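*Asks:* fold the following and give me the result.
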Amino acid sequence: MTSFGARLREAMRRHGPLCVGIDPHPQLLRDWELSEDIDGLKRFADTCVDAFAGRVALVKPQVAFFEAYGSGGFMVLEDTIAALREAGTLVLADAKRGDIGSTMAAYAAAWLGDGPLGSDAVTVSPYLGFGALTPALERAQAGGRGVFVLAATSNPEAAGLQRTLTADGRSVAQGMVDDAAVRNVGATFGSVGVVIGATLPDAPDLTLLNGPILMPGVGAQGGGADSIRALVPAGTRRAVLPNVSRELSNAGPDIDALRDALGRLQDDFAFLQD
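*Replies:* Residues are numbered from 1 along each chain as shown. As a prediction, this is how the structure comes out:
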């Protein structure tokens with residue numbers, strides 16, 4: 001079985017390093033002149049699939065915006081995941097799940113299994129302790145899937161926790177990166193990634209991670225090529241996946257316009273693969 005890390009590395013080689021978000025925010029639905037209901041949600045998601053499938057390394061549906069519509073929203077999400085994966089596009093479910101024991105195992109079964117929500121990877125929160133993620137990490141490894149661990153996020157509320165120094169002198173965020181790195185030992189490119197905000201003033205040491213680095217905050221939130229250069233050492237940048245969402249979605253709903261905007265962003269971040 002080919003690992004998620006190997007499949008992601010190949011997808012990045014073919015399509016460039018971008019992770020494209022599908023974030024059907026109510027304001028975006030209005031901007032696209034779509035109804036704020038299941039029909040509008042489906043039209044938005046279908047347009048994104050048509051525009052991006054087979055053209056990007058990774059697509060990241062934001063689960064919350066589908067979940068807000070209840071069971072109908074989950075049905076749209078299931079169809080979106082299935083359509084992307086059938087097109088050969090890797091899917092990262094941005095579910096940010098984090099719990100303990102059998103509950104974490106159930107989340108892992110939902111997002112990393114073979115059911116209707118099963119994706120190539122899922123975002124997880126380690127702030128009940130990195131060890132609590134074990135059911136998801138083990139299921140991902142067994143099934144050739146991936147996990148992206150929230151490590152250093154850019155929201156201001158996180159700084160007090162994530163930058164706190166532990167007894168060994170490392171920040172909490174650095175500990176999360178280091179624990180993820182242990183899971184990637186021995187892989188050509190690991191399947192346990194981390195999430196690092198592109199607008200942070202500094203980042204944990206990422207040099208030993210040997211896995212993907214998802215960087216949200218690009219575009220509308222102020223991050224970009226310069227901030228990534230400042231945060232990530234040159235030798236580690238090939239692992240970076242800038243996440244673009246609003247800046248790209250603002251070009252819609254015309255599919256050709258979305259693809260043109262995607263092409264420009266791919267050119268902007270091509271330096272990451274040099």
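*Asks:* where does the residue of the chain most remote from its centre fall, helix, sheet strand or coil?
*Replies:* Relative to the C-alpha centroid of the chain, counting by C-alpha atoms, centre = their mean, A167 is the outermost residue, at 30.4 Å. Secondary structure, DSSP: H, G, I helix; E, B strand; the rest coil: A167 is coil.
*Asks:* list phi and psi for it.
*Replies:* Backbone geometry at A167, expressed as degrees, to the nearest 10, gives phi -60, psi -30.
*Asks:* and it, how far from F66?
*Replies:* Per C-beta to C-beta, to the nearest Å, A167 is found 41 Å from F66. Where you see a C-beta, it was placed from the backbone N, CA and C, and this is true even at glycine.
*Asks:* likewise for Y127?
*Replies:* As defined by C-beta to C-beta, Y127 lies at a distance of 23 Å from F66.
*Asks:* neighbour count for the two, which is higher?
*Replies:* Legend: neighbour count by other C-beta atoms under 10 Å for Y127 and F66, higher for F66 (25 against 14).
*Asks:* shouldn't that one be in contact with L77?
*Replies:* Yes - when contacts are counted by C-beta atoms under 8 Å, F66 is listed as touching L77 (4.0 Å).
*Asks:* overlap of the contact sets of these two?
*Replies:* A45 (C-beta atoms under 8 Å, 6 or more residues apart in numbering).
*Asks:* the closest residue to N184 other than its chain neighbours in helix, strand or coil?
*Replies:* Sequence neighbours aside, G190 is the residue nearest to N184 in space, at 2.6 Å (criterion: C-beta to C-beta, 6 or more residues apart in numbering). Recorded secondary structure, G190: coil (three-state DSSP).
*Asks:* now do the phi/psi pair for G190.
*Replies:* Here the main-chain torsion angles of G190 (degrees, to the nearest 10) amount to phi -70, psi 170.
*Asks:* cool, S171 as well?
*Replies:* Backbone torsions for S171, taken as degrees, to the nearest 10, come to phi -70, psi 160.
*Asks:* just give the nearest non-adjacent residue to it, would you?
*Replies:* Sequence neighbours aside, R163 is the residue nearest to S171 in space, at 5.3 Å (criterion: C-beta to C-beta, 6+ apart).
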